[in-house]
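Chemist: just a sequence and a predicted model for now, questions to come.
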Amino acid sequence: CQSLQRSSGAGCPLLHPRTAPAQQALRDTLLASPVVLEELAGLGKSLGCCPYYGARSASVGAHVLLVPYSCLLHEQTRDALGIRLESSVVLLDEAHNLLE
């Protein structure tokens, strides 16, 4: 994916500007109701757009994010995903699996 984006060719076909309406439709769908990862992939495929970037665009307007705790606890990953913990309530499911 990243190599396609950086290439001097056409880039990733799922991120082409012509997919913008599909990306917006995916974002709106994700904001309307939660989906599991497999459903997200299927929605992206059926709409012809990138499910990863669709989910990232939806996260900006979301009130609740469900992410693996490794993404939440690792600062660089959290920053890369644009997750801000200030003024947030954080719930960890299965917290007994965390290392101290």
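Modeler: All right, it came through fine.

Chemist: C-alpha from now on. contacts and neighbour counts both.
Modeler: Will do.

Chemist: E38: neighbour count?
Modeler: E38 is surrounded by 8 other residues when neighbours are defined as other Cα atoms under 10 Å.

Chemist: same check on the one 3 residues further on?
Modeler: When neighbours are defined as other Cα under 10 Å, A41 has 16 of them.

Chemist: how about it: what's its closest non-neighbour residue?
Modeler: P51 (5.7 Å; Cα to Cα, 6 or more residues apart in numbering).

Chemist: how much space between the one you found and H96?
Modeler: Applying Cα to Cα, to the nearest Å, one obtains 31 Å for the distance of P51 from H96.

Chemist: who has more neighbours, the two?
Modeler: Set P51 next to H96 and count neighbours by other Cα under 10 Å: P51 wins out with 22 against 8.

Chemist: isn't that one right next to L40, touching?
Modeler: Yes - at 6.0 Å, P51 and L40 qualify as touching, with contact defined as Cα atoms under 8 Å.

Chemist: okay, now the unreliable bits of the chain?
Modeler: 1-2, 4-11, 100 (pLDDT under 70).

Chemist: so which residues of it form helices?
Modeler: Taking DSSP state H, the helices of the chain run over residues 2-6, 20-32, 37-47, 51-61, 69-73, 75-81.

Chemist: out of those helices, which is closest to S88?
Modeler: Relative to S88, the nearest member of the helices of the chain by Cα to Cα is helix 69-73, separated by 11.9 Å.

Chemist: and the closest one, how far from the chain's centre?
Modeler: On the basis of Cα atoms, centre = their mean, to the nearest Å, helix 69-73 sits 14 Å off its chain's mean C-alpha point.

Chemist: for stretch 51-60, same thing?
Modeler: The chain centre lies 4 Å from the centre of stretch 51-60; the measure is Cα atoms, centre = their mean.

Chemist: next one: stretch 70-77
Modeler: When distances are taken as Cα atoms, centre = their mean, stretch 70-77 is centred 14 Å away from the chain's centroid.
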